[in-house]
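*Asks:* Sequence plus the predicted model coming up.
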There are 2 protein chains.
Amino acid sequence: MKPLGLKQISYYASAFANEADLMSFENYTRDWLDRVEAKLEAVLPLADDLPERLHEAMRYSVLGGGKRVRPMLVYATGMSLDVPLIQLDGPAAAIELMHAFSLVHDDLPSMDDDDLRRGNLTTHKAFDEATAILAADALQPLAIHVLATDKAMDCDSRTRLKLIELLVNACGSQGMTGGQSLDLGAEGKQLSTDELEHMYRLKTGRLLHASVISAVLCADLNNPKFQALENYIDHLGLAFQIRDDILDIEGETEMIGKQQGADIERSKATWPALFGMDAARKRASELLNKALAEIEILGPSGEPLRQVAHYIVDRKL
Amino acid sequence: MKPLGLKQISYYASAFANEADLMSFENYTRDWLDRVEAKLEAVLPLADDLPERLHEAMRYSVLGGGKRVRPMLVYATGMSLDVPLIQLDGPAAAIELMHAFSLVHDDLPSMDDDDLRRGNLTTHKAFDEATAILAADALQPLAIHVLATDKAMDCDSRTRLKLIELLVNACGSQGMTGGQSLDLGAEGKQLSTDELEHMYRLKTGRLLHASVISAVLCADLNNPKFQALENYIDHLGLAFQIRDDILDIEGETEMIGKQQGADIERSKATWPALFGMDAARKRASELLNKALAEIEILGPSGEPLRQVAHYIVDRKL
């Protein structure tokens, strides 16, 4: 199993002022990241199984680091609802596989045309374009396979089906893939805040939502905290994307792992580009507060979700 | 609903010598094709729903004709096992959506670089490359969504999960997508018959297998005819691909709907290219006979499967 990078941990840490909060968050996340990394490693086909080049590219696309924000949300929600973590490894890995699929395609020459991702060459640069397209194509069925078959997930067929339905709806034309399509169509255009936030909700919001709600489904199909958690992740999802946009402008290439300023170069429709950096920061902070207010009803058990929220809005990568 | 093309019907018909067989096959297929076309039309997002361009490209990729061989196999198997056809519309549509996804990506410039498909411009030519990639990406989750939620499929959650597992395994790195990867890697190489048939089994065989077994799952998880049907489609799947290769060389561009001779131009590893046209015909005929022998145990109820087998090996498009 790949050890957790120290650089990764120290940047998670940078989001916390209070040392006790930092320590507990560091302990959680170390465990979460180890768990999801082990699960991804276990479900991905071996690089020496045929077709080797395809499998190598799949592993390269998924195991090359990454913040693992979506798995963090799965585990944080699960902890808040007393779900055993072993139930959550499958959903966390499945969602991360879907996320990796989308990154590989978004980076392609015909889309964002990025050479760097997570500080490494993008998959089409490290392999070739056809292999990158196919490797990502094969991550989608693998994600669903995990939800349909993972034995550690001690849940009934009905719950598995609900998890699958949630995930595919988040990834389809009215979710992540639709959001990427809107994003490409919005280059160089002046969107309204509503149009921009609609695009964000599809592009990143739906999969972040699926991360939280997957853990809710593992807890109980009719959990009364459901609505509060849906509102929490709706606010936080938007804040996450705005933070990404800010980092694209202000972050250092080495730290964010991709070319700084790439969005501006492509005239991407982003919050800071359309409404200014100050407005972007203000909106992210407002959304963080709204997210935190929603989960007040969880009391002390909501602490992991609060910490993830702070991390998402204050992160440096 | 799009009416069934007369040209399509008349070429189905060309596979039959006996007029009574022809009439019954024509009646079956007209019904099957109408059913799956209506289902696809119903499950695809409307072209004027946001994101419009993406939805338009999804519809273009799926509803532009096509032989619908996989749905035919679903319905023929279901008829042979007395499954009500309404149960099969969802699986038939889901499998065809997955097939359409693979065609759009296979046609891309970085893969087979085809301009024509089913007599029309390929999706990346009719739209643009990014839209084609994303439209196909969104067909995968839609296919799973249909299996997870289609109300006309009167089956329990466990059966739905089995159908989903079957389909995603057929499409992943050790199925269709893996086969396309092997195919690209085999260009210009001298494969053995075993290597070639392994590639065929992944590239087209696994999804054809899923078509037959989906209907078996709708009939009964432990149907005793399961093994015979598995062997039938294993033989027939290879024969289908060999017939495709023969048509690529001998077919008329207008009839096959894509550029004739494209495989030779790209030095594709195909049965006729590696072992000659006579050997290819002989192997296809031998595989047809093996497939037919396997389903003798079905008696008269196996007739739709026999007719589909003849059609697959004798078709002109």
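*Replies:* Thanks, I have the structure now. Small disclaimer: the values here were computed from a predicted structure and weren't measured.

*Asks:* from here on, contacts and neighbour counts on C-alpha atoms
*Replies:* OK.

*Asks:* how much space between the closest residue to residue A:155 other than its chain neighbours and residue A:33?
*Replies:* Spatial nearest neighbour of residue A:155, chain neighbours left out: residue A:218 (7.3 Å); criterion: CA to CA, 6 or more residues apart in numbering or on different chains. In this structure, residue A:218 lies at 19 Å from residue A:33, with CA to CA, to the nearest Å as the measure.

*Asks:* just residue A:92 next, same as before
*Replies:* Between residue A:92 and residue A:33 the computed distance is 10 Å (CA to CA).

*Asks:* any residues in contact with both of the two?
*Replies:* Shared between the contact lists of residue A:92 and residue A:33 (criterion: CA atoms under 8 Å, 6 or more residues apart in numbering or on different chains) are residues A:71-72.

*Asks:* quick one, which of the two is more surrounded?
*Replies:* When residue A:92 and residue A:33 are compared on other CA atoms under 10 Å in any protein chain shown, the one with more neighbours turns out to be residue A:92, at 30 against 21.

*Asks:* pLDDT value on the residue most central in space within chain A, please?
*Replies:* For chain A, the residue whose C-alpha lies nearest the mean C-alpha position (CA atoms, centre = their mean) is residue A:70; its distance is 3.8 Å. At residue A:70, the pLDDT value in this model is 98.

*Asks:* correct me, but it touches residue A:91?
*Replies:* No. Counting by CA atoms under 8 Å, residue A:70 sits too far from residue A:91 to count as a contact (9.9 Å).

*Asks:* Quickly list what's touching both of those two.
*Replies:* Taking CA under 8 Å, 6+ apart as the contact criterion, the residues that touch both residue A:70 and residue A:91 are residue A:211.

*Asks:* what's the helix or strand for the residue lying farthest from the centre of chain A?
*Replies:* With distances taken from the mean C-alpha point of chain A and given as CA atoms, centre = their mean, the most distant residue is residue A:50, at 29.3 Å. In this structure, residue A:50 is located outside every helix and strand according to DSSP states H and E.

*Asks:* now swap in residue A:173 and tell me
*Replies:* When elements are assigned from DSSP H and E, residue A:173 belongs to no helix and no strand.

*Asks:* give the contact list for the residue in the stretch 201-317 of chain A that chain B sits nearest to.
*Replies:* For the stretch 201-317 of chain A, the residue closest to chain B is residue A:202, as judged by CA to the nearest CA, at 10.3 Å. In this structure, residue A:202 makes contact with A:170, A:174-180, judged by CA under 8 Å, 6+ apart.

*Asks:* now, which of those lie within helices?
*Replies:* Restricting the contacts of residue A:202 to those inside helices, with DSSP state H as the criterion, leaves A:170, A:176-180.

*Asks:* that older thread, dihedrals phi and psi, the residue nearest to residue A:155?
*Replies:* Dihedral pair for residue A:218: phi -70, psi -30, per degrees, to the nearest 10.

*Asks:* and it, what pLDDT?
*Replies:* The per-residue pLDDT of residue A:218 was computed as 95.

*Asks:* That one: neighbour count?
*Replies:* Residue A:218 has 25 neighbouring residues, counting by other CA under 10 Å.

*Asks:* so it sits right up against residue A:156, yeah?
*Replies:* No. Residue A:218 is beyond contact range of residue A:156, at 9.8 Å (criterion: CA under 8 Å).

*Asks:* Could you give the number of residues near residue A:104?
*Replies:* As a burial measure, the neighbour count of residue A:104 was computed by other CA under 10 Å and equals 24.

*Asks:* quick one: which helix or strand includes it?
*Replies:* Here residue A:104, judged by DSSP H and E, is contained in helix A:85-106.

*Asks:* so what does that helix touch, helix or strand wise?
*Replies:* Other elements packing on helix A:85-106 under the criterion 3 or more CA pairs under 8 Å, 6 or more residues apart in numbering or on different chains; DSSP states H and E are helix A:19-43, helix A:52-63, helix A:69-80, helix A:129-149, helix A:157-171, helix A:176-185, helix A:206-219.

*Asks:* Name the residues of it that are buried.
*Replies:* Neighbour counts using 16 or more other CA atoms under 10 Å in any protein chain shown place A:85, A:87-106 of helix A:85-106 among the buried residues.

*Asks:* do the same with stretch A:188-201
*Replies:* For stretch A:188-201, a neighbour-count test (16+ other CA under 10 Å) marks A:191, A:196-197, A:199-201 as buried.

*Asks:* Redo those residues as a markdown table? Include pLDDT and secondary structure.
*Replies:* Output for those, formatted as a markdown table (pLDDT from 0 to 100; DSSP: H, G, I helix; E, B strand; the rest coil):
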| residue | pLDDT | secondary structure |
| --- | --- | --- |
| A:191 | 91 | coil |
| A:196 | 94 | helix |
| A:197 | 94 | helix |
| A:199 | 96 | helix |
| A:200 | 95 | helix |
| A:201 | 96 | helix |
